[in-house]
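**Q** Here is my input; please provide its structure:
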Amino acid sequence: MDLLSKMIAVTDRHVFDSAPDPEEAFLARLALIFRTGPRAVVLREKDLSPEAYLALASKVLSLKEHLCTGSEVPLILHGFPEAARALGVSAVHLPLSVLLSLHEKDPSFLSGFRTVGASVHSPEDARTAVGCGATYLFAGNIWETGCKPGKAAAGLEYLRSVVSAVDVPVYGIGGVTPERMPQILETGAAGGCMMSGFMKYGL
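**A** Below is the predicted model:
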């Protein structure tokens, strides 16, 4: 089984803060990840201003377009739907609160995106997100993870309950490694999301 094709890479540019040129190191790692061929890459840099995120996303898009291989790996913009719209990117990932707000204010706004993801923490969240237009979900955190210190692991049965609640692909997130992927897939999930493994090692 090709596990990599069922894994989504989630970015964290701060891994490269100590590099001589942090942005150059970050983009070089993304080039490696795109060539490796995961299911998708989510540009999750939520601490940036909208203007800075737009500038970074533009550079990542340019990088992706100039790669000889890996250009078929989808790029999903996280948390900045306006940036995605401005750049012509058809895939966005949103916190559930943002998805709900957009759906309430202007449901037609999301109709311009082919792919809409949302992060959920319960089967009820999952059903709400799908009702607001989500086409896939991240559910977590499945295991304890350094990205969310102190937050207890939700576990595999939790992931199974989210998968059973909806008819869209669900990806487990939180403490995911290639070695744990078979356990994730046994729940019926479409795959898993990984940050540290991709960012630090370029898996």
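
**Q** quick one, what contacts residue 45?
**A** The neighbours of residue 45, taking C-beta atoms under 8 Å, 6 or more residues apart in numbering as the test, are 11, 12, 13, 53, 56, 78. Placement of C-beta: from N, CA and C, glycine included.

**Q** JSON lines for the residues you listed, including secondary structure, neighbour count and distance to residue 139?
**A** JSON lines is the format used below for the contacts of residue 45 (DSSP: H, G, I helix; E, B strand; the rest coil; neighbours: other C-beta atoms under 10 Å; distance: C-beta to C-beta, whole Å):
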{"residue": "11", "secondary structure": "coil", "neighbour count": "21", "distance to residue 139": "19"}
{"residue": "12", "secondary structure": "coil", "neighbour count": "16", "distance to residue 139": "19"}
{"residue": "13", "secondary structure": "helix", "neighbour count": "20", "distance to residue 139": "24"}
{"residue": "53", "secondary structure": "helix", "neighbour count": "21", "distance to residue 139": "24"}
{"residue": "56", "secondary structure": "helix", "neighbour count": "21", "distance to residue 139": "27"}
{"residue": "78", "secondary structure": "strand", "neighbour count": "24", "distance to residue 139": "16"}
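
**Q** For the helix or strand encompassing residue 77, C-alpha coordinates in PDB please.
**A** Applying DSSP states H and E as the criterion places residue 77 in strand 75-78. Once non-C-alpha atoms are left out, strand 75-78 reads as follows in PDB (Å, rounded to 0.1, in the frame of the first residue of the first chain):
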ATOM      1  CA  LEU A  75      -2.000  23.000  -2.600                       C
ATOM      2  CA  ILE A  76      -4.600  23.900   0.000                       C
ATOM      3  CA  LEU A  77      -4.600  27.400   1.600                       C
ATOM      4  CA  HIS A  78      -5.400  27.400   5.300                       C
END
